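Asker: only the shape, not the letters, is given here:
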């Protein structure tokens, strides 16, 4: 906000509202974004040490290449306006919410010994799945991932536990409220009723989560039986939850989100054509204040015992800043609709008579969410389907359900599909869990999830879905 403040005083020319003309762009403009994704995928695999020390610079280089190509095409001022919109209207609220949840949840310390068994692991995953729609996928993941890691660290095979944790707690479990997952929060800010997803996709979420838990139990029992006995460590320490003040602060985060949706003062600040609504600015300030309160009120030893570090959120902030910048030309071309380079993709979600193909919306939103991040992808297809929340919640409820499920469920397919995925993977690696590479995770998650999504597509399990 401090960086952006000087721009408020500048005159706002007409080009600021026009944005980037995606119809005039061709596929090579998407190459910086593709290069960034490949760097994220291959960097830790091919040059891990160099990547760990310089991933921020690599992300910045691809971002600058994307901005440079835009400047040559649309001009410097239009590019600056697009950058301001991406950072202030999209990235800022995204990262502030993640940051506050990461800090506050990191102050909750669960102590005691968990005797590792498939049943105990399944119980933690089930609890996290239920928590995710209440405290957010980031909050639930940050509260439970460290106890889960401590319990499973002695095992020979433990990466699969974290993989299923990412799928269930960091993604699928957040499907029932705007607090759960960033794309649903985006929909909430655009007028979707707070309880709409809970009323309309609870059955699908219950089926997907239930089947995932059953698959996990089968895999974990198989792995558990193939390992040598861990031995009897004697009576364990009783479970305790410390840092309870942070539960109050999580409630304050929830209240801040709800208040920002209900309070509409009609005041906005114009920054290079991007309107910053007062309620959004106040919400972001409140979230940062809540995070600061957590740091102040939580004893340092709680975070130390949690193994809390700033590196996971720093990594997410840098890489997703690069993603939000490099994706600007991709979003522009998609927004050009049938006049853009990706017209073939948009035609796939619409029948010849103009009605939406709900199965196509589900798969297109989902697969793009896995690689483009699910929050901006949700908004893209939300606008593509008309952007009217009243129409989408009623006449086109199946389409909105398809977009919501695709964005949330398939965000689990890659490390970059949803921001908590990266944080959980980073925390697990820091704590000695040998996590798979980008493609290794993609193969494992896809082997589990794609069959379930195909099942969801072919079975008319709820009257809201009428696949075309």
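Answerer: Right, received. Where do you want to start? Values in this document were obtained by computation on a predicted structure and should not be read as measured data. Numbering: from 1, shown residues only.
Asker: any idea how far the lengthiest helix in the chain is from the chain center?
Answerer: Criterion DSSP state H: the longest helix present in the chain is helix 118-152. From the chain centre to the centre of helix 118-152 is a distance of 17 Å (CA atoms, centre = their mean, to the nearest Å).
Asker: list the buried ones in that helix?
Answerer: 118, 121-122, 124-126, 128-129, 131-152 (16 or more other CB atoms under 10 Å). Glycine gets a C-beta too; all of them are placed from N, C-alpha and C.
Asker: quick check: mean pLDDT of that helix?
Answerer: Helix 118-152 comes out with an average pLDDT of 90.
Asker: quick one, phi psi at the residue most central in space within the chain?
Answerer: Nearest to the geometric centre of the chain sits residue 418, at 2.7 Å (CA atoms, centre = their mean). Note on residue 418: its backbone torsions stand at phi -150, psi 140 [degrees, to the nearest 10].
Asker: and for residue 109?
Answerer: In terms of degrees, to the nearest 10, the main-chain angles of residue 109 are phi -110, psi 120.
Asker: give the contact list for it.
Answerer: Shown in contact with residue 109 (CB atoms under 8 Å, 6 or more residues apart in numbering): 241-243, 302-303, 305-306.
Asker: bridging residues for it?
Answerer: Judged by DSSP bridges, the bridge partners of residue 109 are residue 242.
Asker: where does the prediction get shaky in the stretch 251-400 of the chain?
Answerer: Low-confidence segments of the stretch 251-400 of the chain (pLDDT under 70): none present.
Asker: before we move on, back to that, got the angle for the following helix or strand past the longest helix of the chain vs helix 118-152?
Answerer: Note on helix 118-152: by DSSP states H and E, the next helix or strand toward the C-terminus is helix 159-168. Counting by axes from the mean of the first three to the mean of the last three CA atoms, to 10 degrees, helix 159-168 points 110 degrees away from the direction of helix 118-152.
Asker: count the neighbours of the residue nearest to residue 149 when sequence neighbours are not counted for me.
Answerer: Using CB to CB, 6 or more residues apart in numbering and skipping residues adjacent in sequence, the residue nearest residue 149 is residue 431, 4.9 Å away. For residue 431, the neighbour count with other CB atoms under 10 Å is 14.
Asker: tell me the spacing between residue 431 and residue 109.
Answerer: Here the criterion is CB to CB, to the nearest Å. By it, residue 431 lies 15 Å from residue 109.
Asker: and residue 135, by the same measure?
Answerer: Note on residue 135: its distance to residue 109, by CB to CB, is 16 Å.
Asker: could I get the pLDDT score of the nearest residue to residue 319 once chain neighbours are set aside?
Answerer: Distances taken as CB to CB, 6+ apart place residue 59 nearest to residue 319, at 5.4 Å, with adjacent residues excluded. pLDDT recorded at residue 59 is 93.
Asker: what sits against residue 59?
Answerer: If you count contacts by CB under 8 Å, 6+ apart, then residue 59 has 36, 39, 318-319, 321-323 around it.
Asker: apart from its chain neighbours, what residue comes closest to residue 102?
Answerer: residue 313 (4.8 Å).
Asker: packing partners of the host helix or strand of that neighbour?
Answerer: Assigned by DSSP H and E, residue 313 belongs to helix 311-326. Here helix 311-326 touches helix 31-46, helix 48-74, helix 92-106, helix 419-430, going by 3 or more CB pairs under 8 Å, 6 or more residues apart in numbering; DSSP states H and E.
Asker: and the contacts of the shortest one?
Answerer: The reference is to helix 419-430. 94, 98, 102, 137-138, 141-142, 145-146, 149, 159, 162, 165-166, 170-171, 182, 307, 309, 311-313, 315-316, 319-320, 373, 411-412, 414-416, 435, 441.
Asker: need the mean per-residue confidence for that helix.
Answerer: For helix 419-430, mean pLDDT is 86.
Asker: and the angle for that helix with helix 92-106?
Answerer: Counting by the same axes, to 10 degrees, helix 419-430 lies at 40 degrees to helix 92-106.
Asker: what residues of helix 419-430 count as buried?
Answerer: Residues of helix 419-430 classed as buried: 419-428 (neighbour count, 16+ other CB under 10 Å).
Asker: of the contacts of helix 419-430, keep whichever come out buried.
Answerer: Buried among those by 16+ other CB under 10 Å: 94, 98, 102, 137-138, 141-142, 145-146, 149, 159, 162, 165-166, 170-171, 182, 312-313, 315-316, 319-320, 373, 411-412, 414-416, 435, 441.
Asker: residue boundaries of the helices in the stretch 251-400 of the chain?
Answerer: Assigned helices in the stretch 251-400 of the chain, in chain order: 278-297, 300-306, 311-326, 328-335, 343-347, 358-372, 374-384, 389-393, 397-409 (criterion: DSSP state H, counting those that start in this stretch).
Asker: can you tell which of those is closest to residue 195?
Answerer: For residue 195, the closest of the helices of the stretch 251-400 of the chain is helix 389-393, at 10.8 Å, according to CB to CB.
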